[in-house]
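Novice: pasted the sequence and its predicted model underneath.
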Amino acid sequence: AQSVTQLGSHVSVSEGALVLLRCNYSSSVPPYLFWYVQYPNQGLQLLLKYTSAATLVKGINGFEAEFKKSETSFHLTKPSAHMSDAAEYFCAVTVGFQKLVFGTGTRLLVSP
Amino acid sequence: EADIYQTPRYLVIGTGKKITLECSQTMGHDKMYWYQQDPGMELHLIHYSYGVNSTEKGDLSSESTVSRIRTEHFPLTLESARPSHTSQYLCASSESGTGRYEQYFGPGTRLTVT
């Protein structure tokens, strides 16, 4: 069954530092993968998606993710963190053609 | 930019009351979803719909019910609210078609049952 595992429920970085949020997937078929961001008391916003085209995917707000089949990973990165990046981040994988399965989320904390 | 709306945003209600959480989208998406999310926790799919008059239960058992009479509208109803129903409820929609699997989310309804 398809699933995703997000390593680290909390990640703390300083403003200006590299952001790295980890996601590993399990899928018996070529997966479609997504990263979403959730700010407090809001819904989820799509950051980026992998749909079997380029393995390096660029998203909004300076985020990007690289699909690595050999490592079954889809880690999210940003070269320089901003205070406004503090939020909850969710990785997701397609299940069949209709549904997504979400990871448990990683809370990104950014300190000045 | 996806347009999907949920009302109310916040609801505090007493035990035993009937409530309906509204969800509407203006993109003409065929597929719609309801998720339940406890604070700081992952999302759990409780209901989904592939189109008008189509509804299915999700992975997490829920006492709520849904209906899909119009493409743009997917309300969720609790006949008798209980404190265990206290949670955030997120509605989402997505297009049909190959490769169009991303879901667009509404802002959520935070429900508190006292």
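Specialist: That came through, no problem. Predicted model, so just to flag it, every value in this text is computed and none were measured.
Novice: what bridges to A:Leu21?
Specialist: Counting by DSSP bridges, A:Leu21 is bridged to A:Leu76.
Novice: ok, it - how many residues close by?
Specialist: 24 (other CB atoms under 10 Å in any protein chain shown). C-beta coordinates here come from the backbone N, C-alpha and C atoms, glycine included.
Novice: could you do A:Asp85 as well?
Specialist: The tally of other residues near A:Asp85 (other CB under 10 Å) stands at 19.
Novice: what sits opposite the most centrally placed residue in chain A in the beta ladder?
Specialist: Most central in chain A under CA atoms, centre = their mean is A:Trp35, positioned 3.7 Å from the mean C-alpha point. With DSSP bridges as the criterion, A:Trp35 is bridged to A:Leu48, A:Cys91.
Novice: residues of chain A that sit close to chain B?
Specialist: Residues of chain A lying close to chain B by CB under 8 Å from any CB of the partner chain are A:32, A:34, A:36, A:41-46, A:49, A:51, A:88, A:90, A:94, A:97-100, A:102-105, A:107.
Novice: give me the buried entries from those.
Specialist: Listed as buried from the residues of chain A next to chain B are A:32, A:34, A:36, A:42-46, A:49, A:51, A:88, A:90, A:94, A:98-100, A:102-103, A:105, A:107; burial here means 16 or more other CB atoms under 10 Å in any protein chain shown.
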